[in-house]
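A.B. asks: sequence first, predicted model second:
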2 protein chains.
Amino acid sequence: MSFDLDRFLPYRLSVAAARLSRRFAALYEAEAGLSTPEWRVLAHLAHSGAVSVRDITARVHLDKSMVSRAASRLQEAGLVRKSGNAADRRLVALELTPAGRALMARLGRIAEAFQADLLAELGPEAEALDRALAKIDQRENRD
Amino acid sequence: MSFDLDRFLPYRLSVAAARLSRRFAALYEAEAGLSTPEWRVLAHLAHSGAVSVRDITARVHLDKSMVSRAASRLQEAGLVRKSGNAADRRLVALELTPAGRALMARLGRIAEAFQADLLAELGPEAEALDRALAKIDQRENRD
DNA sequence: GCGGTGTCATTGCAGTTGCAACGATTATGT
DNA sequence: ACATAATCGTTGCAACTGCAATGACACCGC
């Protein structure tokens, strides 16, 4: 009876995150047929104008190959525009099309509702969870 | 500028969990060459005697195919024993071998140290994180 | 200017994952 | 008692992931 997995934080965090993500993924899958990498790229683009693959990779915790492929799929779907950067031609400039913006408006509302629901459920712990995640993030980033 | 992914809890939880898990995974990979499913199965077996694949599947948030394969690999490595159940011959009885118990003793200490470190870093938020995860777990389980 | 080094995005590839199908066994209803 | 349905663990398979290699381009020192 030495080690109890159910009291091990990294494990519990993983499980909670996986379940929550899966439940939310069902929503954007139903609404727009998006995969998780696609959702993340789209969501990030909604918040920050035209941006390179590398910028997204750095912020969204996704391998650059995944960002690249997600961006291609989003382009095929007409949600994202990929254009070259004039100043540095290695870079790609990603940005939402009007259709992409329209979709993100809908998805944004869905996400907000999902989050509001979650926050209500968490109640007073929500603030602390926020701070704890910030600390973990900060810790994992110093390398 | 409506939706900010960096303020979206499911996303932040995912990222934090992924980073933490990866850092810890490096430890048991180095110590014993285990994959994540293998680690989870082993850790669960350490805490609960002889048990079927289904039991682990239910508790450890892993598909039964993964539990099955992980158990097979652990058996090949001599860490786990797989025997049939007399009462219900569909079931398999999984339990640690002495070598498995010895390994888990070492890994348990490593895990405790990892967790202690994390808790120290989190400070007062640790309690609240614990409660928040419990609530999420509870919510995701009612279906 | 030019060679070497570094960075960017894409692609190939092997390993892993999740789902569905399967054979074996047990439970259920009548 | 028997047929049907449900459950268990394994396996096949397609999709996804992460890493490494590649090719295009930019920066740096000289």
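C.D. replies: Happy to help now that I have it.
A.B. asks: ramachandran angles for A:Lys82?
C.D. replies: With angles defined as degrees, to the nearest 10, A:Lys82 sits at phi -110, psi 120.
A.B. asks: okay, now the nearest residue to A:Phe114 once chain neighbours are set aside: neighbour count?
C.D. replies: Distance criterion Cβ to Cβ, 6 or more residues apart in numbering or on different chains; nearest residue to A:Phe114, sequence neighbours excluded, is A:Phe24 at 5.6 Å. All C-beta spots, glycine's among them, are computed from the backbone N, C-alpha and C. Using other Cβ atoms under 10 Å in any protein chain shown, A:Phe24 has 22 other residues around it.
A.B. asks: and for A:His61?
C.D. replies: Neighbours around A:His61, by other Cβ under 10 Å: 17.
A.B. asks: from DNA strand D, how far out is it?
C.D. replies: Separation of A:His61 from DNA strand D (Cβ to the nearest atom of the strand, to the nearest Å): 9 Å.
A.B. asks: what distance do you get for that residue to A:Ala102?
C.D. replies: According to Cβ to Cβ, to the nearest Å, A:His61 stands 26 Å off from A:Ala102.
A.B. asks: list the buried residues of stretch A:43-63.
C.D. replies: By 16 or more other Cβ atoms under 10 Å in any protein chain shown, the buried positions in stretch A:43-63 come out as A:43-47, A:51-53, A:56-57, A:59-62.
A.B. asks: how far is it from where the chain is centred?
C.D. replies: 9 Å (Cα atoms, centre = their mean, to the nearest Å).
A.B. asks: got any ranges where chain A has weak pLDDT?
C.D. replies: Scanning chain A for pLDDT under 70 picks out A:1, A:142-143.
A.B. asks: near DNA strand C, which residues of it?
C.D. replies: Proximity of chain A to DNA strand C (Cβ under 7 Å from any atom of the strand) is limited to residues A:52-54, A:57, A:64-65, A:67-69, A:71-72, A:82, A:90-92.
A.B. asks: stretch A:117-129 and chain B, are they touching?
C.D. replies: Yes: contact of stretch A:117-129 with chain B (Cβ under 8 Å from any Cβ of the partner chain) involves A:118-119, A:121-122, A:125-129.
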